[in-house]
Structures are given as structure tokens and as C-alpha cells.
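*Asks:* Pasting a predicted model and its sequence here:
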Amino acid sequence: MNELVKLMRSEDVAVITIDNPPVNALSPGVPEGLLAAIQSAAADAAVKSVVVIGAGSTFIAGADIREFGKMVSGERPRISLLPLLLAIEDSPKPVVMAIHGQALGGGLEVAMAGHYRVIAPRAQVGQPEVKLGIIPGAGGTQRLPRLAGVAKAVEMCAFGEPISAPEALALGIADRIIEADLLGGAVAFAREVANRPASKTRERQEKLAGFDPSVFAAARDTAQKTRRGQKAPLAAIDAVEASPKLSFEEGCRVEARLFNECLYSNQSRALIHAFFGERTVNKIPDIPKNTPLREIRRAAVVGAGTMGGGIAMNYANAGIPVIVKEVSQEALDRGLSTIRKNYANSVAKGRFSQAVMDERMALITPQLTYDGFEEADIIVEAVFEGMGLKKQVFREIDLVAKPSCILASNTSSLDIDEIASATRRPESVIGHHFFSPANVMRLLEVVRGKATAREAIATSMALAKRLKKVAVLAGNCRGFIGNRMLGPYFREAQFLIEEGATVEAVNQTLYDFGWAMGPLAVSDLAGLDVGWRIRKEFKHLEKPGVRVPLVADRLCELGRFGQKTGRGFSLYDENRRPLADPETAALIEQVARQAGIERRAVQAEEIVDRCLFALVNEGARLLGEGIALRAVDIDIVYLNGYGFPAWRGGPMFYADTVGLEKVLGRVREFEARHGSDLWSPAPLLEQLASDGNTFAGYDKQMAVD
Ligand code: ZOZ
Ligand code: NAD
């Protein structure tokens with residue numbers, strides 16, 4: 001039919017194959033080819049029924065996401081899949097959709113327009129559009145309830161999680177699972193049904209009744225809690241709610257209106273930016289795709305504390321045997337018991353079975369020696385933060401590790417080159433900065449030292465995928481990407497309370513912006529003593545006369561370390577709920593008075609701009625220095641490691657939506673008020689703003705195929 005859609009005949013069955021690698025997205029040409037193939041099969045008297053299948057590893061992964069931006073900008077006309085789907089459904093010959101891999105978004109919508117669906121046992125189907133800030137736009141919110149029932153359709157459309165083939169079968173989305181030879185099974189099935197009257201999904205009514213009417217309110221409640229700030233999940237619920245109330249055609253009109261509202265929003269632009277960003281971060285300019293990888297079959301972790309235990313779980317979860325080494329039996333027992341407790345929690349919540357937990361525990365070997373480390377392909381160090389200790393551990397592992405072994409440090413801030421200097425193989429030393437809790441957080445900052453081999457980097461990026469992490473490459477500097485940017489962000493949060501904002505106002509304003517937690521609440525959670533200790537160690541680096549935050553140190557001197565002591569910036573009740581603490585408020589006032597800081601009313605807009613633009617300015621600075629490869633790499637760090645709201649696309653994307661000229665204007669205002677040491681604009685920000693450019697535009701210049 002065209003180069004993307006092929007039509008063949010297997011005796012009396014027409015076989016239409018969609019061949020648009022890598023994921024058979026519905027790019028321009030695919031809908032047209034599919035329509036022509038359906039029409040041609042209908043016109044061929046020798047054809048009794050039709051099979052639609054995907055070439056390669058999947059059925060159809062949905063609309064071509066790259067097209068949405070072009071449609072919004074007007075570069076491409078808005079197209080609708082609805083006429084194609086009606087044509088499939090109205091085909092006089094039964095159409096059997098043969099699903100393997102994924103039928104997602106527009107892919108499932110195409111599948112539901114068929115008269116039957118057969119499915120491979122490991123295939124998945126779903127309506128993940130909300131994850132891109134949109135909703136199904138080709139009748140998915142109207143056909144899915146007719147196949148799977150209203151309640152399940154609400155869940156699938158509002159939350160976007162795919163379901164398995166057996167579940168699809170049980171729900172009535174699929175008609176048969178075909179264990180092997182999907183095409184052969186689909187053709188046989190098509191012959192079986194060739195002479196049966198085929199029902200059209202859009203005409204089916206039986207599952208539109210008898211559901212619990214409270215499902216919509218319950219879904220809205222969940223969406224507001226778990227997708228705070230996002231419009232698409234609520235729009236998806238509204239669209240599905242129309243299905244039992246309105247005719248199919250009217251329901252589709254409601255869906256189309258809501259789809260458009262979502263598509264033309266900053267939220268969908270941000271979430272699409274994040275989708276492609278997660279894939280872009282793997283592309284590294286001087287590391288070609290064919291860089292040889294070292295094979296990772298066995299791992300070892302040094303230290304079974306907060307991070308070491310979580311890191312070991314990542315390896316066990318990926319089926320990679322891992323040794324965990326500690327200094328004392330007590331520390332080892334503590335570490336292993338935390339791992340066991342975490343797994344048992346997952347079993348109790350039904351995430352996996354006891355048998356899976358047992359398998360994972362069996363992959364973890366706790367010990368007090370380096371025995372067996374010579375077989376490890378990677379060793380991850382996760383001992384206390386301190387250069388002396390890190391170097392000692394690297395000297396030791398360098399002696400026991402085989403030559404090809406990668407030596408990774410989980411340090412949050414220390415110099416990878418100095419750590420590497422303790423070994424005879426700096427080319428194999430790299431940072432693997434996991435985030436706490438390491439078994440949960442998706443981010444892995446991979447830190448490149450000056451000697452780190454390309455092979456070690458490529459292997460780390462590929463390994464991250466096996467560990468189900470999003471890896472972002474960072475250059476070697478204090479704090480790398482994420483923690484270095486956090487410094488100015490936390491600094492401004494504290495300056496604001498010294499200048500007159502309340503702790504509650506700072507936390508609430510940034511929570512309302514969409515952050516998972518306010519900055520002072522994060523500090524209380526992480527423990528104020530951590531930063532206190534670091535500040536004491538690095539006191540000599542402070543520049544005389546440059547303002548530093550004062551309150552956190554005073555709180556620590558009073559033994560208020562945050563949640564762990566029940567008091568920090570806030571007071572915590574027995575359920576760890578924060579309460580305003582009048583004593584802290586008085587202390588802040590006193591500190592400000594002593595330091596001669598003028599107290600005034602601080603508006604929410606200033607809280608947002610001071611904190612966010614401090615983050616952005618530092619991001620621009622490290623981008624200019626080459627610590628981050630692209631602005632989107634920074635965004636992916638913040639979305640996956642720091643609780644930045646996904647629907648705002650990350651700090652650099654947010655800056656683009658505000659406009660870099662405006663951001664620079666505010667940075668200059670703050671510079672005038674607070675001094676150049678704290679607020680001098682990053683040269684890259686100045687350059688992009690004066691060129692009328694954006695961070696996205698900068699990234700385009702840095703693009704790697
Ligand atoms: O790629 C994984 C995935 O989850 N993809 C997105 C699935 C999705 O969200 N589908 C819904 C799309 S929105 C939609 O369909 C709206 C709708 O209702 C239509 C309404 C009609 C509107 C009219 C317009 C026609 C997947 C699970 C599929 C595969 O994962 P892998 O880990 O194996 O592979 P990835 O993720 O590295 O992907 C490989 C390459 O494919 C690119 N890609 C994936 N899905 C795409 C897509 N490109 C365009 N559109 C898609 N739907 C992906 O970027 C990657 O590219 P490279 O260059 O980085 O290799
Ligand atoms: P932790 O105090 O919970 O654990 C450190 C563990 O290392 C302890 O159990 C200790 O007994 C063990 N240890 C010390 N010397 C050892 C040795 N020679 N051999 C084997 N084990 C040894 O600390 P943590 O929070 O897990 O931090 C570990 C590293 O991870 C630090 O570099 C830290 O900066 C970094 N990090 C921490 C976080 C976090 O949020 N906690 C996040 C990212 C990175």
C-alpha cells in the first residue's frame with residue numbers, strides 16, 4: 001500500500017503489516033496506508049477476513065509523539081484518526097488485530113476498532129496518553145469502556161498504566177491469547193470468524209451499564225492526590241464519564257474537545273519534553289552507539305548503609321548476583337535486615353510474591369571480607385562520605401578487582417579524579433550517584449572523571465537501563481549536576497525566611513508550584529546536621545563578606561536536626577506531620593536582627609522567582625561549563641531525582657516557558673539587591689537571552705543522532 005503498510009494474502013485472509021520501525025508509531029503515511037489496505041481487502045472478492053499485525057518487536061506504540069509539537073506549532077495540519085477507525089469498524093469483512101509487544105495509545109485505539117483482538121502472552125495494552133499530558137484522541141475513551149467496562153476504562157485512561165495480555169483477555173479487550181506463532185494463530189482465528197456476524201465496538205452497550213457511579217469521584221480524588229497539578233488525568237476521567245451518558249459520536253466530540261485543550265497546553269509540551277529527554281540523555285557526543293561494552297554479570301557493593309543496601313537491591317532486582325561487604329557484623333546485619341524489610345513490604349503490598357523475594361534475597365551475599373570480589377564486573381563503593389575513607393576503600397578494591405572491573409563511587413559530592421588517583425586504573429573509575437531511597441528513585445547520575453574510559457561510561461549507561469534507572473552523564477565538580485544546583489536553591493529558601501517569609505509560606509508556595517516537598521521540609525527530612533557537618537569542613541572555602549544562610553546552623557547548635565529529632569525548621573508530631581514552630585520563628589527573627597537583615601513582607605511570586613531562578617542560573621552556569629551536556633539533561637535530573645513537577649518539564653524547560661529575557665531580568669534585579677557574588681547571571685543565560693534563544697534552542701545545536 002505504501003512503504004510503511006504492506007498488504008499480502010494468505011489464501012482467503014488478507015494480512016496487513018505495519019512496518020514503521022522502531023515502534024510502528026502512527027507517523028504520517030501509516031494511517032493512510034492502513035486505510036488503503038483495508039479498502040483494498042474489502043474490494044478483493046477472494047478475501048474473507050483480515051489480519052492487522054505489526055512488523056518487528058511490537059504492534060503499534062501509538063501516535064507519533066514527534067508530530068504533536070508540529071501540529072501545535074502549525075507546521076503540520078491537525079489530523080484525526082477517527083475516520084480511519086470508523087472505516088476499519090465498518091469493514092464488511094471481519095478485521096482481527098494481532099497484538100504483540102505493545103498496543104499503546106493510538107495503537108490500542110486502532111486495535112479496538114477491529115472486530116477481534118488476538119494477543120501474544122507477553123504483550124501489553126494501555127492508554128498511556130496522560131503521561132504525555134494528553135488523553136486518548138481517537139475514540140479510546142469511548143471504545144475502551146464498551147470493551148473493558150467503565151471502571152477499568154477510567155483507571156486505564158486516567159492513570160495510563162498498561163495491562164498484561166491475560167488481564168486484557170479477562171476484561172474482554174482481547175479475545176484469545178496465542179501462545180506461539182502469532183501470525184499463524186491470527187490467520188487461523190480470522191478463518192474461524194470469517195462467516196460470523198462481526199460486532200462493532202462502538203455499537204456495544206452491555207458494559208456501559210451496571211458500574212458503580214462513584215468511580216469517577218474516586219478516580220478524581222486519586223488523580224488529585226497522585227497526579228497533583230496535572231490536567232490530563234481529570235480530562236480523561238471527564239471523557240470516559242461521557243461514554244455511558246452520551247452516544248458514541250457525542251462522546252467522541254467531548255473527547256476531541258478535551259484532547260485539544262490538553263494538546264495545546266504547556267503541560268503536554270513539558271511532559272513530551274520529558275519523554276524525549278529520557279531518551280536523549282543516553283546520547284553522548286563522543287560516545288558512539290557502537291562503543292564496546294563490558295559485560296556485567298556479577299556485582300559487589302562496599303557498605304550496607306542507607307545507600308549500599310538500596311544499591312544492592314537494584315542489582316538483585318535485575319537478576320545480577322551481588323556481594324555486600326561491611327566493616328562489622330552489626331552493620332551488616334542492620335543493612336540486611338533493612339533490605340529484607342523493604343522486600344517484605346513489597347510482598348505485603350502485593351507488588352511481587354514471596355518466591356520472588358526469596359530469589360532476590362538469594363542473589364545478595366553479605367560478608368565482611370573482599371572474598372569473591374575478584375569475580376565482580378563492577379564494584380560500587382557506598383561508605384561514609386569522606387575523601388580519606390573513599391581513597392582507602394578504592395586502594396583496597398583496586399588490589400582485589402580483576403582488570404576489566406568498573407570501580408564506581410556513590411559519592412554525592414567528592415572529586416572523582418582524586419578518588420581515582422588512589423587506584424592504578426583511573427580509566428575504570430566512575431561516579432554512580434544513586435539517590436535515596438536507591439531502590440526507589442529512578443535517577444542515576446553517572447559522573448565522568450578526566451580519565452574515565454568511554455567504555456566505562458557506555459557500560460554504565462547501558463547498565464542503568466537494566467537496573468531500571470534513568471542515567472544522566474555529569475562532569476566532575478562539587479555536587480555534580482543535581483546537588484550543585486540545589487545549593488543556591490536552598491540558600492535562597494533560607495534567605496527568604498531571614499528576610500521575613502515564614503517557613504510555612506516558603507514550603508507551601510513551592511509545594512503549590514508543584515514540587516513534591518518544600519525546600520525547608522526537604523532539609524528537615526534529610527537531616528540538617530548533614531549540611532552542618534559539611535559546612536564546618538568547608539568553612540575555609542566561604543568568601544569573606546558574602547552572605548551565607550544562618551538559621552540552619554543555629555538550629556543544629558540547639559540539637560534540632562529536623563524530622564529525626566522531631567524539630568528542625570518545623571516541629572513534627574508523632575506522625576511526622578509538620579507544624580509551625582513559634583520558637584523557630586522567634587529564632588529566625590533574632591538571627592535576622594543580629595545580622596542586620598531588614599525584615600519585610602515577602603510575596604509568593606518572589607519566593608518562586610528567587611528559588612527557581614537561583615536553580616536555573618546555576619543550571620545555566622554548569623551547562624556553560626560543560627558539566628551537563630544539554631539543558632534537558634538537567635531537567636531529567638530534576639524530574640527523576642528531586643521531585644520537580646513533571647508537568648513543568650524541569651527547571652530549564654520552565655525557564656523557557658517564562659522566557660529567558662524575563663528570567664535574566666529577574667536575576668539582574670536580584671543581583672542589584674543581593675550582590676554579584678550570589679546572583680551574577682550565568683554567561684550562557686545572558687547569551688541565550690540576548691540572542692532571543694531558549695535552552696531548547698541551545699540543545700538543538702548540541703543534538704546527537
Ligand atoms: O517507547 C516506549 C513507549 O512507551 N512509547 C510511548 C508510548 C505512548 O505513550 N503511546 C501513546 C502515544 S500518544 C497517542 O497515541 C495519542 C492518541 O490517542 C492518538 C490520538 C490521535 C491523534 C492524531 C495523531 C495521529 C515503548 C514501550 C513503546 C518501547 O520502549 P523501549 O524501551 O523498547 O524503546 P524506547 O522507548 O527507547 O523507544 C525506541 C525509540 O522509539 C521512539 N518512540 C517510542 N514511542 C514513540 C516513539 N517515537 C514517536 N512516537 C512514539 N509513540 C523513542 O523516542 C525511541 O527513539 P530513539 O530515537 O531515542 O531511539
Ligand atoms: P550510611 O552511613 O548509611 O552507610 C555507610 C556504611 O558504610 C555504614 O554502614 C558503614 O559501616 C559502612 N562502611 C564504612 N566504611 C566501610 C568499609 N571500609 N567497608 C565496608 N563498609 C564500610 O551512609 P549512606 O547514606 O549510605 O551514604 C553512603 C554514601 O552515599 C556517601 O558517600 C554519601 O554521600 C552517598 N549518598 C548518600 C545519599 C543519602 O541520601 N543518604 C544519597 C546519595 C549518595
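*Replies:* Ah, there it is. Ligands and ions are numbered 1, 2, ... in the order given.
*Asks:* tell me the phi and psi of residue 647?
*Replies:* With angles defined as degrees, to the nearest 10, residue 647 sits at phi -70, psi 0.
*Asks:* dump the residue contacts of residue 212.
*Replies:* Counting by C-beta atoms under 8 Å, 6 or more residues apart in numbering, residue 212 makes contact with residue 151. Any C-beta I mention is one placed from the backbone N, CA and C, and that applies to glycine too.
*Asks:* Tell me the secondary structure at it.
*Replies:* Going by DSSP: H, G, I helix; E, B strand; the rest coil, the secondary structure assigned to residue 212 is coil.
*Asks:* And it, how far from residue 348?
*Replies:* Remark: distance between residue 212 and residue 348 (C-beta to C-beta, to the nearest Å) = 27 Å.
*Asks:* Residue 128 too?
*Replies:* 28 Å.
*Asks:* Which one's more surrounded, these two?
*Replies:* Neighbour count, other C-beta atoms under 10 Å: between residue 128 and residue 348, residue 128 has more, with 22 against 9.
*Asks:* shouldn't that one be in contact with residue 159?
*Replies:* No. Shown here, residue 128 and residue 159 do not form a contact pair, counting by C-beta atoms under 8 Å, at 9.2 Å.
*Asks:* Not counting residues beside it along the chain, what's closest to residue 493?
*Replies:* In space, and not counting its chain neighbours, residue 493 is closest to residue 519: 3.9 Å by C-beta to C-beta, 6 or more residues apart in numbering.
*Asks:* Could I get the contacting residues of the one you found?
*Replies:* Listed by C-beta under 8 Å, 6+ apart, the contact set of residue 519 reads 489, 490, 493, 506, 507, 510, 611.
*Asks:* show me where the stretch 1-150 of the chain has strands.
*Replies:* Counting by DSSP state E, counting those that start in this stretch, one finds strands in the stretch 1-150 of the chain at the ranges 5-10, 13-18, 49-54, 95-99, 102-104, 116-119, 124-126.
*Asks:* so which of the ones you listed gets nearest residue 41?
*Replies:* Across these, residue 41 has its closest neighbour in strand 13-18 (3.7 Å, C-beta to C-beta).
*Asks:* Pick the most deeply packed of the strands of the stretch 1-150 of the chain.
*Replies:* Per-stretch averages of neighbours, counted by mean count of other C-beta atoms under 10 Å, single out strand 95-99 among those, with a mean of 29.
*Asks:* May I have the strands that pair with that one, each with its orientation?
*Replies:* strand 49-54 (parallel), strand 116-119 (parallel) (DSSP bridges).
*Asks:* Run the contact check for the first one versus ligand 1.
*Replies:* No. Contact of strand 49-54 with ligand 1 (C-beta under 6 Å from any ligand atom) is absent, the minimum separation being 10.9 Å.
*Asks:* tell me the angle of that strand relative to strand 13-18?
*Replies:* An angle of 20 degrees separates the directions of strand 49-54 and strand 13-18 when computed by axes from the mean of the first three to the mean of the last three C-alpha atoms, to 10 degrees.
*Asks:* Roughly how far does residue 576 sit from residue 502?
*Replies:* Computed with C-beta to C-beta, the distance linking residue 576 and residue 502 is 20 Å.
*Asks:* now do residue 36
*Replies:* Counting by C-beta to C-beta - residue 36 and residue 502 are separated by 65 Å.
*Asks:* can you check residue 366 too?
*Replies:* Note on residue 366: its distance to residue 502, by C-beta to C-beta, is 47 Å.
*Asks:* Quickly check: the worst-scoring helix or strand of the chain on mean pLDDT near ligand 2 or not.
*Replies:* Across the helices and strands of the chain, mean pLDDT, DSSP states H and E gives its lowest value to helix 528-537, namely a mean of 83. No. With C-beta under 6 Å from any ligand atom as the threshold, helix 528-537 lies outside contact range of ligand 2, at a closest distance of 8.0 Å.
*Asks:* same for that helix, what does it pack against?
*Replies:* In this structure, helix 528-537 packs against helix 551-557, with contacts taken as 3 or more C-beta pairs under 8 Å, 6 or more residues apart in numbering; DSSP states H and E.
*Asks:* Next, the buried residues of the helix it packs on.
*Replies:* With burial defined by 16 or more other C-beta atoms under 10 Å, the residues of helix 551-557 counted as buried are 551, 552, 553, 554, 555, 556.
*Asks:* Return the member of those residues nearest to residue 272.
*Replies:* Distance to residue 272, by C-beta to C-beta, is smallest for residue 552 among these, at 38.1 Å.
*Asks:* Contacts only, for that closest one.
*Replies:* With C-beta under 8 Å, 6+ apart as the criterion, the residues that contact residue 552 are 494, 523, 528, 531, 532, 569.
*Asks:* Ligand 1 versus the third one, what's the distance?
*Replies:* In this case it means residue 528. From residue 528 over to ligand 1 the distance is 40 Å, taken as C-beta to the nearest ligand atom, to the nearest Å.
*Asks:* what does the first one give?
*Replies:* When distances are taken as C-beta to the nearest ligand atom, residue 494 and ligand 1 turn out to be 40 Å apart.
*Asks:* What backbone torsions are found at the residue of the stretch 101-250 of the chain found nearest ligand 1?
*Replies:* Here the residue of the stretch 101-250 of the chain nearest ligand 1 is residue 105; by C-beta to the nearest ligand atom that distance is 2.5 Å. Summarising the backbone geometry of residue 105 under the convention degrees, to the nearest 10, its torsions are phi 50, psi -130.
*Asks:* Please report how far it lies from residue 248.
*Replies:* Taking C-beta to C-beta as the measure, residue 105 falls 19 Å from residue 248.
*Asks:* Which of these two has more residues huddled nearby?
*Replies:* Neighbours were counted for residue 105 and for residue 248 using other C-beta under 10 Å; residue 105 has more, 28 against 20.
*Asks:* check contacts around that one.
*Replies:* When the contact criterion is C-beta under 8 Å, 6+ apart, the partners of residue 105 are 61, 62, 63, 126, 127, 128, 129, 136, 140.
*Asks:* Quick one, grab the pLDDT at the first one.
*Replies:* Right, residue 61. Residue 61 carries a pLDDT value of 97.
*Asks:* what's the answer for the fourth one, then?
*Replies:* Per-residue confidence for residue 126 comes out at a pLDDT of 98.
*Asks:* any idea of the mean pLDDT for stretch 545-559?
*Replies:* Stretch 545-559 comes out with an average pLDDT of 94.
*Asks:* Indicate whether stretch 20-28 makes contact with ligand 1.
*Replies:* Yes. Using C-beta under 6 Å from any ligand atom, stretch 20-28 reaches ligand 1 at 22, 23, 25, 26.
*Asks:* Buried residues, that stretch. List them.
*Replies:* Within stretch 20-28, the residues that qualify as buried by neighbour count (16+ other C-beta under 10 Å) are 20, 23, 24, 25, 26.
*Asks:* and for that stretch, what are the contacting residues?
*Replies:* Applying C-beta under 8 Å, 6+ apart, the set of residues contacting stretch 20-28 from outside is 4, 18, 29-30, 54-67, 76, 79, 81, 101-102, 106-107, 110.
*Asks:* for stretch 496-515, same thing?
*Replies:* Contact partners of stretch 496-515, identified using C-beta under 8 Å, 6+ apart, comprise 228-229, 493, 517-521, 549-551, 569-570, 578, 580-581, 584-585, 588, 591-592, 595, 597-602, 604, 606-608, 610-612, 643-645, 647-648.
*Asks:* I'd guessed residue 262 sits against residue 133; true?
*Replies:* Yes. Under the criterion of C-beta under 8 Å, residue 262 is in contact with residue 133, at a separation of 6.0 Å.
*Asks:* Pick out whichever of these two has more residues nearby.
*Replies:* Looking at residue 262 and residue 133 with other C-beta under 10 Å, you find the greater number of neighbours at residue 133, namely 28 against 25.
*Asks:* Please give me every residue in contact with the nearest residue to the more buried one once chain neighbours are set aside.
*Replies:* Once its chain neighbours are removed from consideration, residue 133 has its nearest residue in residue 268; the separation is 3.2 Å (C-beta to C-beta, 6+ apart). Listed by C-beta under 8 Å, 6+ apart, the contact set of residue 268 reads 68, 132, 133, 134, 232, 262.
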